[in-house]
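Chemist: model this:
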Amino acid sequence: MASTTCVSSVLFLLAAFTAGASAATFTIKNNCGYTVWPAGIPVGGGTQLDPGQTWTVNVPPGTSGRFWGRTGCSFNGGSGHCNSGDCAGALSCTLSGQPPATLAEYTIGGTGNPQDYYDISVVDGYNQPMAFSCSTGVGLVCTYPSCPDAYQYPTDDTKTHSCSANSNYQVTFCP
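Modeler: Next up, the predicted model:
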């Protein structure tokens, strides 16, 4: 009888801890008149988005990462090259893209953390216009290299925004 109570208690506690943490959904849209090859690390990898297409990525709680758009890409299977944002010639990135790359950076709150954090960065250069927003926060837009909504240099620490933990996000190329 005691072991049944113990197992039930453990399952209840496990359910309570995981109930507060859920994945954040990122919807990435290409509004450009050209193909964009968005990439994301550590979650997402990469894909091809023709004009008007969207890509949905679920990011687990407790994850910090980034999305960026690659341009001028040519792939044969899973390998190739991009003119901007290239990640060692891979279609599905496992490392950051080469500059220049406009970045949508994020940290998704985990268990016990009621906040997500997000920003746009052009510290690694600017390669295309981007908008980035969360369902409960401020919308950021960067349509030129010195845009005021983006981090401009490594110690620029005034551009991070917060929203409720595990919110849904929208990244739009060519807003």
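Chemist: got the residue ranges for the helices in this structure?
Modeler: Taking DSSP state H, the helices of the chain run over residues 2-19.
Chemist: in it, which segments are predicted with low confidence?
Modeler: Low-confidence segments of the chain, defined by pLDDT under 70, are located at 1-21.
Chemist: Please, where are all the strands along it?
Modeler: Using DSSP state E, the strands found in the chain span residues 24-30, 37-41, 45-46, 54-59, 64-70, 74-76, 79-81, 103-107, 115-121, 130-134, 140-142, 150-151, 161-164, 169-173.
Chemist: Tell me which of the ones you listed lies nearest to Thr94.
Modeler: Minimum separation from Thr94 across the strands of the chain (C-beta to C-beta) falls at strand 37-41, 6.5 Å. Using the backbone N, CA and C atoms, a C-beta is placed for each residue, glycine as well.
Chemist: ok, now how distant is Ile108 from Thr172?
Modeler: Using C-beta to C-beta, to the nearest Å, Ile108 is found at 19 Å from Thr172.
Chemist: What about Gln128, how many residues nearby?
Modeler: Gln128 has 21 neighbouring residues, counting by other C-beta atoms under 10 Å.
Chemist: Who are the contact partners of the closest residue to it other than its chain neighbours?
Modeler: Distances taken as C-beta to C-beta, 6 or more residues apart in numbering place Gly69 nearest to Gln128, at 5.3 Å, with adjacent residues excluded. Counting by C-beta atoms under 8 Å, 6 or more residues apart in numbering, Gly69 touches Asn30, Val36, Trp37, Pro38, Ala39, Gly85, Ala101, Thr102, Asn127, Gln128, Met130, Phe173.
Chemist: Run through the bridge partners of the last one.
Modeler: Beta bridges link Phe173 to Asn30, Met130, judged by DSSP bridges.
Chemist: is it true that it touches Asn30?
Modeler: Yes - the pair Phe173 / Asn30 is scored as a contact, 5.1 Å apart, by C-beta atoms under 8 Å.
Chemist: thinking again about what came up before, please identify which of Ile108 and Thr172 sits among more neighbours.
Modeler: Between Ile108 and Thr172, counted using other C-beta under 10 Å, Ile108 has the larger neighbour count: 26 against 20.
Chemist: which parts of stretch 103-113 are buried?
Modeler: Neighbour counts over stretch 103-113 (16 or more other C-beta atoms under 10 Å) mark Leu103, Ala104, Glu105, Tyr106, Thr107, Ile108, Gly109, Asn113 as buried.
Chemist: what bridges to the first one?
Modeler: By that I understand Leu103. Assigned bridge partners for Leu103, using DSSP bridges, are Trp68, Ser121.
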